[in-house]
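[1] Sequence and predicted model, in that order:
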Amino acid sequence: MKPSSKKFISTTLTILAPIWLSAQNPIVQTCYTSDPAPMVHKSTLYLYTGHDEDGADFFWMQEWRVYSTRDMVNWTDHGSPLAIESFAWADDRAWAAQCIERNGKFYWYVCLHSKLSNTMAIGVAVSKSPTGPFKDALGKPLYEGSWDYIDPTVFIDDDGRAFLYWGNPNLYMAELNEDMVSFKGEVQKIEQTVESFGAPNPEKRLKGVKYPDTYTEGPWLCKRGNNYYLLYAAGGIPEHIAYSMGPSPTGPWRYMGEVMPLQETGSFTNHVGVIDYKGNSYLFYHTGKLPGGGGFGRSVAVEQFEYNADDTFPLIYATDKGVDPVGTLNPYKRTEAETMAFSRGVKSEPNATTGIYIADIHDGDYIKVRAVDFGHSSPKKFHVVAASARRGGTIEMRLDSIGGSIIAKVDVPPTGGWEQWKRLKCNTTGNVSGVHDLYFVFKGRKGCKLFNLDWWRFDN
């Protein structure tokens, strides 16, 4: 990021601080994220996203990223286990994607620009872990040959049949074999009608006719009870979210109306993923609401909702508040610094040995961790692993707000390098018990980078 951009973001965040202190959306603030695709595996919700580059003037996207949560408010950054470079046949446009588990393997369906056909293509990567490493499962595209082969969504039904949908402005569908990397039968181009999607296929739309709606892109296929739902970005530019329902994963589809109407989100596109987790229903989407963001700098957000009595979708609106926690964080276990509910100013960086850590920390920046459960007895010590090339600084651990009570204060000395880690500790102060939000408030010389953080822990 250019220094001027950093200064603009810091200034904007200072102005917005009273609002943002109570915000949960966007859920990632360390970089721009887009096209969310949630997946639940073994009591953890994983979120797969795109990554919009800073300062982009188009969808210049080079990689995909993974985040996870067990409480819906604190998100752990797992970095980028998949990128354009993972596919030897691709050279551009790491656009919308979705990951799914089958038989102990995780299949990540992506779209990229193919060097082989000079068109967009659907690819698939595979891993034994939801956070990677992932590798190209085929060494070639799963399907290619058209510019509208984008935005794949994958779904496995209760009977084991698996389906893949994709496309803009046409909509395509194929059934997957059990190996998840080949098709069972032919790819079908879905016939769009007024009854099924609000309007006919693009080539059949009549000039001057105002249709109830139009499928655009970003399909998401899911199921509840005996109903199948196909949600999608609709209406052209700017996009709202609409949906169709059917009795099977292949339809026939019936257009149902809007899910997320047009509203001021700062982004002219939208892309949703819907999932149930810990007894609640959630809709993930993206906005342009991070400072410096917009239509090419998008950020993932989430809303909780309840289906209507007849299992149709309610209207869902974007909020800054986001969702409430569905669990707590244990401060007496090692917590990665990249696990957070909200932050100001900081970035995450990868290292082959350390993994992901928090960097770009300046005076006045902060990290917020929500729903931290200290239990019935107050902690005695605080441990943190940090690194600083030259100047160091101070970490203030505050309760419930940036100006809250200080329960620990650690001075970070120069350690000899930005990845020369040193474990630091201090005694805690005051009597702390129960559930609190925890703020890491960073202090030091103004205008310069202070230190990096790896992990932290309290001790009784």
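    Now that the structure is in, tell me what you want to look at.
[2] Could you look up the SS state of residue 203?
    helix (DSSP: H, G, I helix; E, B strand; the rest coil).
[3] quick one: it and residue 148, what's the gap?
    According to C-beta to C-beta, to the nearest Å, residue 203 stands 12 Å off from residue 148. In this view, the C-beta of every residue, glycine as well, is placed from N, C-alpha and C.
[4] more crowded one of those two?
    residue 148 (17 against 7; other C-beta atoms under 10 Å).
[5] show me what contacts that one?
    Shown in contact with residue 148 (C-beta atoms under 8 Å, 6 or more residues apart in numbering): 120, 167, 168, 169, 170.
[6] Select from these every entry located in strands.
    Secondary structure from DSSP state E places residue 120 of the contacts of residue 148 in strands.
[7] For residue 225, state which of the contacts of residue 148 is nearest.
    Relative to residue 225, the closest of the contacts of residue 148 is residue 167; by C-beta to C-beta it sits at 26.7 Å.
[8] Let me know the average pLDDT across stretch 200-218.
    Regarding stretch 200-218, the rounded mean pLDDT is 97.
[9] how far does it sit from the chain's center?
    Distance of stretch 200-218 from the chain centroid (C-alpha atoms, centre = their mean, to the nearest Å) equals 30 Å.
[10] Check stretch 245-258 too.
    Per C-alpha atoms, centre = their mean, the displacement of stretch 245-258 from the mean C-alpha position of its chain is 26 Å.
[11] With only the CA atoms kept, save it in PDB.
    This file holds the C-alpha atoms of stretch 245-258, laid out as PDB (Å, rounded to 0.1, in the frame of the first residue of the first chain):
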ATOM      1  CA  MET A 245     -36.700 -22.500  -5.500                       C
ATOM      2  CA  GLY A 246     -37.200 -26.000  -6.800                       C
ATOM      3  CA  PRO A 247     -38.000 -29.600  -5.800                       C
ATOM      4  CA  SER A 248     -34.600 -31.000  -6.800                       C
ATOM      5  CA  PRO A 249     -31.100 -29.800  -7.300                       C
ATOM      6  CA  THR A 250     -31.800 -29.600 -11.100                       C
ATOM      7  CA  GLY A 251     -35.100 -27.700 -10.700                       C
ATOM      8  CA  PRO A 252     -37.500 -27.100 -12.200                       C
ATOM      9  CA  TRP A 253     -36.900 -23.600 -10.800                       C
ATOM     10  CA  ARG A 254     -39.400 -21.000  -9.800                       C
ATOM     11  CA  TYR A 255     -38.400 -17.400  -9.400                       C
ATOM     12  CA  MET A 256     -39.200 -16.200  -5.800                       C
ATOM     13  CA  GLY A 257     -38.000 -12.600  -5.700                       C
ATOM     14  CA  GLU A 258     -35.300 -10.700  -3.800                       C
END
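[12] would you turn the contacts of residue 148 into CSV with distance to residue 57 and neighbour count?
    As requested, those are exported to CSV (distance: C-beta to C-beta, whole Å; neighbours: other C-beta atoms under 10 Å):
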residue, distance to residue 57, neighbour count
120, 20, 26
167, 25, 25
168, 20, 22
169, 23, 16
170, 27, 17
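[13] Mind jotting down where the helices sit in the stretch 1-150 of the chain?
    3-20 (DSSP state H, counting those that start in this stretch).
[14] Okay, now the sheet partners of the helix or strand in which residue 304 is found, with direction.
    Assigned by DSSP states H and E, residue 304 belongs to strand 299-305. Strand pairing for strand 299-305, determined by DSSP bridges: strand 280-287 (antiparallel).
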